[in-house]
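Q: Provided below for reference: sequence and predicted model.
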Amino acid sequence: MAASETGVQKPDSASAKLETKKGRLMKRLKNVQKMKTVEKAIAMNEKYAEKSSKIKSVYVMFS
């Protein structure tokens, strides 16, 4: 048996690159989802703050 016939096969470089690339895409997707969630939370907070200020102004007008 020669050294190249040990039975251990190296993975194809293309498949190794594909796995690495998939991992990075998943990480990017996760980061994008986090950013969207944060943006949505900020928008909701601003919306409720605006509603609250309107209610307070109406309350002040009628009291």
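A: All right, it came through fine.
Q: Please identify the helix or strand for residue 38.
A: Take DSSP states H and E as the rule and residue 38 turns out to sit in helix 13-62.
Q: what is the rounded mean pLDDT of that helix?
A: Helix 13-62 shows a mean pLDDT of 83.
Q: same for that helix, what does it pack against?
A: With contacts defined as 3 or more CB pairs under 8 Å, 6 or more residues apart in numbering; DSSP states H and E, helix 13-62 has no helix or strand neighbours. To be clear about C-beta, it is placed using only N, CA and C from the backbone, and glycine gets the same treatment.
Q: what about residue 59, distance to residue 50?
A: 15 Å (CB to CB, to the nearest Å).
Q: If you could redo that for residue 30, that was the one I meant.
A: Distance, residue 30 to residue 50, using CB to CB: 31 Å.
Q: Residue 35 now?
A: 23 Å.
Q: go on, residue 26?
A: The value you get for residue 26 to residue 50, if CB to CB is used, is 36 Å.
Q: do residue 58 as well
A: 13 Å.
Q: ok, now which ones touch residue 36?
A: Residues near residue 36 by CB atoms under 8 Å, 6 or more residues apart in numbering: none.
Q: Buried residues of stretch 36-52, list them for me.
A: Residues of stretch 36-52 include none that count as buried (16 or more other CB atoms under 10 Å).
Q: Neighbours of residue 61, how many?
A: Applying other CB atoms under 10 Å, we find 7 residues neighbouring residue 61.
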